[in-house]
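S.K.: coords please:
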Amino acid sequence: MKKKRIEKKGYTLLEVILSVALIALLLIPISNMIMTAMKSNKRADIRQDGAVVGQQVLEELKTFNSLSSSTPINLLDGVTHFDVVAASTTATKTVYSGEMRDGKQKYEVNVIAEKDSNFNNYMAATSTPSSKPDTDYSFILKFKTDGTQNVVCFNGGEINIPYTSGSDTKLLLYLRRDASNPNNLTLKLYDYTGDNAQKATPLCQNTINDYDATSNSTKNLVKIELDASFTGRNNGNDPGTIPIIVDSNSTNVVLDIVKEKETKGKVSVISSLANDNGRISFDGNPQNASKETFTAKQNIKRQDTEDITAIGDLYNITVVVKNNGEEIFRSQTSSNLN
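M.R.: Residues are numbered from 1 along each chain as shown. Purely as a prediction, here's the structure:
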């Protein structure tokens with residue numbers, strides 16, 4: 001018997017060519033996906049490292065108490081510096097630029113320092129206020145916080161400042177010179193929450209003869225002191241800040257605001273003048289405008305009771321980091337700068 005031979009069919013050349021072509025077509029998009037993923041990961045690393053660089057610069061700038069519109073910014077490493085590339089004639093805006101490296105990557109860093117026009121600093125950096133003894137003041141109001149209660153200490157007593165949940169706690173400081181006896185100065189402190197102080201009984205009040213024989217004039221000095229415990233508890237629009245409206249018929253009252261280093265609370269002071277002749281002076285700088293409203297934050301006088309150096313203007317500092325022309329980091333902080 002003859003054995004029947006079974007032949008096994010192999011792949012033809014055409015089938016092999018088609019298979020290779022199909023695999024090649026599939027590999028192209030797969031390789032593109034792999035390359036794109038690798039580039040994305042590398043770019044993400046660059047952006048992350050750039051953000052670290054930018055945050056490092058921003059945090060270091062927070063420690064500065066002065067910047068110049070004519071000299072570079074020198075960082076603490078003693079190597080990195082940012083040159084002035086643009087500055088306004090009034091020094092309200094200055095742009096600095098420099099380079100920083102992180103590994104093999106080079107980053108362009110721009111620092112923009114721009115004066116905040118919404119911040120009124122009534123203590124110019126050129127002024128040199130002197131520390132005054134308490135005996136120089138006609139009245140002293142000391143604010144502190146006892147637990148959750150804001151308290152004002154005045155004339156040997158302590159008065160709780162009313163607190164209304166959901167309302168903006170506000171006070172009115174009412175100062176009057178006696179027309180018949182101009183040496184007599186009266187101070188009244190009202191709860192002005194809801195702008196309804198005139199119908200309420202003063203939280204505290206006192207009238208004194210503040211004539212100073214040494215200077216042959218009235219003292220005209222009122223001190224607001226913020227204790228280290230003061231938090232300015234306020235459930236209104238600006239928690240931590242208590243607005244004080246000053247209403248005076250005296251033309252020369254000087255208001256000093258002093259806070260301790262640990263003080264977290266603030267007061268904002270608004271002048272609400274009673275007549276066209278009245279004015280309030282902050283640290284000796286008279287504000288003359290009749291019916292003018294201005295706000296002075298707690299640092300118009302001095303930063304704390306130990307350091308009475310002048311406080312500079314408020315600047316918004318923006319740090320921008322770029323890599324190969326692409327912006328990869330931008331952040332901003334604010335600081336008082338001379």
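S.K.: can you give me the helices for the chain?
M.R.: Counting by DSSP state H, the chain has these helices, from start to end: 13-61.
S.K.: Residue 242 bridge partners, please.
M.R.: Beta-bridge pairing of residue 242, defined through DSSP bridges, involves residue 267.
S.K.: which secondary element of the chain has the worst mean pLDDT?
M.R.: Across the helices and strands of the chain, mean confidence by mean pLDDT, DSSP states H and E is lowest for strand 295-296: a mean of 36.
S.K.: Under the pLDDT cut-off, which ranges of the stretch 51-200 of the chain? List them.
M.R.: Per-residue confidence of the stretch 51-200 of the chain (counting by pLDDT under 70) places the weak regions at 117-131, 164-167, 195-199.
S.K.: Report the buried residues of stretch 205-221.
M.R.: The neighbour-count check on stretch 205-221 (16 or more other Cβ atoms under 10 Å) flags 210, 218-221 as buried. C-betas here are computed from N, CA, C, even on glycine.
S.K.: from those residues, which two are the most distant?
M.R.: Taking Cβ to Cβ, the two most distant members of these are 218 and 221; they sit 9.2 Å apart.
S.K.: shared neighbours, those two?
M.R.: Among the neighbours of residue 218, those also in contact with residue 221 (Cβ atoms under 8 Å, 6 or more residues apart in numbering) are residue 138.
S.K.: give me every residue that touches residue 70.
M.R.: In this structure, residue 70 makes contact with 84, 87, judged by Cβ under 8 Å, 6+ apart.
S.K.: switch to 7 Å and redo it
M.R.: Neighbouring residues of residue 70 by Cβ atoms under 7 Å, 6 or more residues apart in numbering: residue 84.
S.K.: Distance check, it against residue 78.
M.R.: Using Cβ to Cβ, to the nearest Å, we find residue 70 at a distance of 21 Å from residue 78.
S.K.: Turn the buried residues of stretch 205-221 into JSON lines, columns for distance to residue 19 and pLDDT.
M.R.: Output for the buried residues of stretch 205-221, formatted as JSON lines (distance: Cβ to Cβ, whole Å; pLDDT from 0 to 100):
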{"residue": "210", "distance to residue 19": "105", "pLDDT": "89"}
{"residue": "218", "distance to residue 19": "105", "pLDDT": "87"}
{"residue": "219", "distance to residue 19": "102", "pLDDT": "85"}
{"residue": "220", "distance to residue 19": "100", "pLDDT": "80"}
{"residue": "221", "distance to residue 19": "97", "pLDDT": "83"}
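S.K.: Just list whatever residues bridge to residue 96.
M.R.: Applying DSSP bridges to residue 96, the residues it is bridged with are residue 84, residue 111.
S.K.: Distance-wise, check it relative to residue 231.
M.R.: When Cβ to Cβ is the yardstick, residue 96 and residue 231 sit 37 Å from each other.
S.K.: Looking at the two, which is more packed in?
M.R.: Neighbour count, other Cβ atoms under 10 Å: between residue 96 and residue 231, residue 96 has more, with 25 against 19.
S.K.: hang on, that one packs against residue 73?
M.R.: Yes. Taking Cβ atoms under 7 Å as the contact criterion, residue 96 and residue 73 are neighbours in contact, 5.2 Å apart.
S.K.: anything in contact with each of those two?
M.R.: Common neighbours of residue 96 and residue 73, counting by Cβ under 7 Å, 6+ apart, are 82, 111.
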